[in-house]
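J.: quick one, fold the following:
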Amino acid sequence: MPLLPAQPARQATDPQTGAQYLLPGFDELAHSAAPARRARAAAAQTPARDGRDLYPTFAAVLREVRPRAPRPRLEVGFYPFTHLNNTIRLRQQCLYIRVSDLLAAAPEPVMEALAQILIRKIYRQPVPDIYARRFRRHILHPEISRHAERLRQLRGRKQLSGAQGEVYDLEEIFRELNREFFADGLRAPRLSWNRQRARRHLAHYDAAHHAIVVSRIFAQPQAPRHVLAYVLYHEMLQLIYPVRVRGERRCVHSREFQAEERRFPRWREAEAWLRRL
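T.: Below you'll find the model as predicted:
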């Protein structure tokens, strides 16, 4: 089915007004096996259009979710996102749905679960847990995770502003921490200040691009150097203790990670300062 041209906006849509609504695609889900059976039957009778045809699956779920309400037109297809994203927008009585092409070979029950997530999200309906668990199991599979990371490396661009800030040099602090805590054993990632002074996301390690990005809120003189060092040390530990998947859950900070984090001499003082942000 045809798709809208790429839109950079990432907002929510009010179903009553038609305002934009974008979803990351893997947070929640839905119920019942009947729509999947109907969708599979319809898919078997509908010729694929540009490969796998998603229309029968999403149309069946839309009929289930809104059995008596007027249903909008539906346009759905695959899109080469950089991340494992799936989006839905309601505009002028038409649902525009983009599904990550990483899911092109996903089993039909997984695609039905995604349809339940997106459609119920846009109409503000609760998503039964069975679909959430089914979809999360699929996208957290190691093979899917590795493929998603490779796509990020190939398609994504990491915009970095550099390690030298107005007050602190991230590369200098990295070298000190690497020598003190890791015996110079860490391969230096790309280090950069974020363009914004984010207070919620203080720093992150991007494994796909082997880069650590730190909020510019620590680039000002009011930010103590030891607090910045603690934040950077936290991200450096991600190189040794990467995210693990246990069943349907992602374990970001393991017990080993937390124990190593407490090796930082002034961690309590740093944590207290961060809580005041």
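J.: so residue 95 sits in a strand?
T.: Yes - under DSSP: H, G, I helix; E, B strand; the rest coil, residue 95 sits within a strand.
J.: how much space separates it from residue 74?
T.: As for residue 95, its distance to residue 74 is 5 Å (criterion: Cβ to Cβ, to the nearest Å). In short, each C-beta sits where N, CA and C put it, glycine included.
J.: common neighbours of the two, please.
T.: Common contacts of residue 95 and residue 74, defined by Cβ atoms under 8 Å, 6 or more residues apart in numbering, comprise residue 62.
J.: what about those two, which has more around it?
T.: Between residue 95 and residue 74, counted using other Cβ atoms under 10 Å, residue 95 has the larger neighbour count: 21 against 17.
J.: which SS class is residue 98?
T.: With three-state DSSP as the basis, the three-state label of residue 98 is strand.
J.: leaving out chain neighbours, which residue sits closest to it?
T.: Distance criterion Cβ to Cβ, 6 or more residues apart in numbering; nearest residue to residue 98, sequence neighbours excluded, is residue 79 at 4.0 Å.
J.: number of residues surrounding that neighbour?
T.: The burial metric for residue 79, expressed as a neighbour count using other Cβ under 10 Å, is 16.
J.: check residue 61 too.
T.: Count around residue 61 with other Cβ under 10 Å applied: 28.
J.: in a strand, that's where it is, yeah?
T.: No - if the criterion is three-state DSSP, then residue 61 is helix and not within a strand.
J.: mind checking pLDDT for it?
T.: Per-residue pLDDT puts residue 61 at 96.
J.: equivalent analysis for residue 28, please.
T.: In this prediction, residue 28 has a pLDDT value of 31.
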